[in-house]
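[1] Got a sequence here, can you model it:
(2 chains)
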Amino acid sequence: MIPVAVSVNGRHYREEVEPRLLLSDFLRHGLGLTGTHVGCEHGVCGACTVRLDGVAVRSCLLLAVQAQGCEIVTVEGLAGVGELTPLQEAFRRHHALQCGFCTPGILIAAEDLLARVERPTRAEIVDMLSGQLCRCTGYTAIVDAIAEVARS
Amino acid sequence: MKPAPFEYTRPATVDEALAALARDDAKVLAGGQSLVPALNMRLLRPAVLVDVNRIAGLDRVETAGDTVVLGALVRQADPRVQSHPVLGAVLPHVGHTVTRNRGTICGSLAHADPAAELPVALVAAGGSVVAASASGRREIAADDLFAGPFTTTLATGELIVESTWPTPGEDERFAFEELSVRGGDYALCIAAARVRGEEVRVVVGGVTPVPTVLEVDPDRPGDSAAEQVDPWGSIHATPAYLRQLVRVLVHRAVGRAREGAP
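    Residues are numbered from 1 along each chain as shown, chains lettered A, B, ... in the order given. Next up is the predicted model:
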């Protein structure tokens, strides 16, 4: 077992983990933060996307021990209790989710794009979404929601 | 879908990493965007993972004359490399925005996926890597690095510490084409072209076991390229379809490089 100290959504945790424990499982089962979803576990679906030291990453492709000393933000940490971020508001307005399984990962990945590209084009948004699978076929509304925030 | 147990070590220096790698059941963990899926699926069961992510200085980007040297930890999304004519054209095709945040350029070279873009790009650029081991360092030209699908000429215990990317000259133009089933997927077929005056250099990937330089007829580059490959096909594409892709993508890449050529 290896000690790991991380900050998740501003709260500090110290745990002991097996080296093979994935960050996604550490967040969900170790810390009870089940907003991070686990789909494919090989980096394709994007449901497990979290922010690690300011950058969106697949938490199923990181070991929990690799997060030692890092700051993580999960979907639970995007907005305060009872609040929504502008992007979350836009998702609600545009009905950009149905079952919601893909939504936490898409929110983190979209925030990453918006932080990096000042005004992403629709094509850039679609390209980013190629790494975030939604099986309710809600992409049009998802693109609309992200594009609205990109414009504002 | 959970990795089998392994030992984990997080060296602080390259020398410590090389000492840890001097056994044939150790694997380097850099970006992990190919390695960790393989661990999760238990396609790989290394005894030791050597996590190089905390080694200071390995993320350096140095421009030396007409080449750019990238340390082992330079990520595919690194803004410092996007203006390079070859890397800037190729990197948007490598995985997805989120996997590029983590995946490294040198790691993709070491992984040597036959359908990956960066190995083709390194061969097209005429680049090289520096491999370090406990017994020393050596430079390996791109043409000598790739030995087969997922196989390089790196020896046990060697770590790619940097890759070198020559910048095409003022009188040269580079173009890159690929077709994949979905955006961000590995390619069915990749074609890279470098044009300087009448000279045409074409490299293809995805349809060959390793990135392959083709001597094409400048008057009919696509057709002459298609005559030289023998794709094996997959559930996604028949050999005849892949040969047609070579014809079309080489034709397009050479055409685009010529359009941009001074």
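
[2] from the stretch 1-150 of chain B, which residue is nearest to chain A?
    Closest residue of the stretch 1-150 of chain B to chain A, C-beta to the nearest C-beta: residue B:96 (2.6 Å). Glycine gets a C-beta too; all of them are placed from N, C-alpha and C.

[3] residues near the nearest residue to that residue once chain neighbours are set aside, how many?
    Excluding the flanking residues, the one nearest residue B:96 by C-beta to C-beta, 6 or more residues apart in numbering or on different chains is residue A:131, at 2.6 Å. Neighbours of residue A:131 under the rule other C-beta atoms under 10 Å in any protein chain shown: 25.

[4] Below-threshold pLDDT in chain A: ranges please.
    Within chain A, no range satisfies pLDDT under 70.

[5] Give the full set of residues in contact with the residue of it at minimum distance from chain B.
    Nearest residue of chain A to chain B: residue A:131, at 2.6 Å (C-beta to the nearest C-beta). The contact partners of residue A:131, by C-beta atoms under 8 Å, 6 or more residues apart in numbering or on different chains, come to A:46, A:109, B:95, B:96, B:97, B:98, B:99, B:184.

[6] In this structure the residue of the stretch 1-150 of chain B closest to chain A contacts residue A:130, no?
    Yes: using C-beta atoms under 8 Å, residue B:96 is in contact with residue A:130, at 5.8 Å.

[7] Need the residues touching each of those two.
    residue B:184.

[8] Please identify which of the two sits among more neighbours.
    residue B:96 (25 against 16).

[9] tell me which parts of the stretch 51-200 of chain B are close to chain A?
    Residues of the stretch 51-200 of chain B lying close to chain A by C-beta under 8 Å from any C-beta of the partner chain are B:51, B:53, B:92, B:95-99, B:101-102, B:182-184.

[10] taking the residues you listed one by one, which sit in helices?
    Among these, the ones falling in helices (DSSP state H) are B:97, B:98, B:99.

[11] Please, which helix or strand holds residue A:104?
    Using DSSP states H and E, residue A:104 maps to helix A:103-116.

[12] Who are the packing partners of that helix?
    strand A:49-52, strand A:55-58, helix A:86-93, helix A:122-129, helix A:139-151, helix B:97-100 (3 or more C-beta pairs under 8 Å, 6 or more residues apart in numbering or on different chains; DSSP states H and E).

[13] Dump those into a markdown table; add mean neighbour count as well.
    What follows is these, written out as a markdown table (neighbours: other C-beta atoms under 10 Å in any protein chain shown):
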| stretch | mean neighbour count |
| --- | --- |
| strand A:49-52 | 27 |
| strand A:55-58 | 27 |
| helix A:86-93 | 18 |
| helix A:122-129 | 18 |
| helix A:139-151 | 19 |
| helix B:97-100 | 25 |
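
[14] if I pick the closest residue in space to residue A:110 that isn't next to it in sequence, what's in contact with it?
    Once flanking residues are discounted, residue A:110 sits nearest to residue A:146: 4.8 Å by C-beta to C-beta, 6+ apart. With contact set as C-beta under 8 Å, 6+ apart, residue A:146 has these partners: A:87, A:90, A:110, A:113, A:114, A:120, A:125.

[15] isn't the third one right up against residue A:128?
    Yes: proximity of residue A:110 to residue A:128 meets the contact threshold set by C-beta under 8 Å, at 7.0 Å.

[16] ok, now which ones touch residue 130?
    No chain in the question, so chain A it is. Residue A:130 makes contact with B:96, B:182, B:183, B:184, according to C-beta under 8 Å, 6+ apart.

[17] The chain in question should be chain B.
    B:137, B:138, B:139, B:140, B:160, B:161, B:162, B:163, B:164.

[18] List the strands paired with whichever strand or helix holds it, with their directions.
    Applying DSSP H and E as the criterion places residue B:130 in strand B:128-133. As defined by DSSP bridges, the strand partners of strand B:128-133 come to strand B:136-141 (antiparallel), strand B:159-166 (antiparallel).

[19] Measure how buried residue B:106 is and give me the count.
    Residue B:106 - counted by other C-beta under 10 Å - has 26 other residues nearby.

[20] hang on, the earlier thing: dump the helices and strands packed on helix A:103-116 to TSV, plus distance to residue A:78.
    Putting the helices and strands packed on helix A:103-116 into TSV (distance: least, C-beta to C-beta, whole Å) gives the following:
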stretch	distance to residue A:78
strand A:49-52	9
strand A:55-58	12
helix A:86-93	7
helix A:122-129	17
helix A:139-151	13
helix B:97-100	16
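
[21] Select, out of the ones you listed, the one closest to residue B:251.
    Residue B:251 lies closest to helix A:122-129 among these, at 24.4 Å (C-beta to C-beta).

[22] ok, residues contacting the closest one?
    Applying C-beta under 8 Å, 6+ apart, the set of residues contacting helix A:122-129 is A:106, A:109-110, A:113, A:117, A:120, A:139, A:142-143, A:146-147, A:150, B:92, B:96-97, B:183-184.
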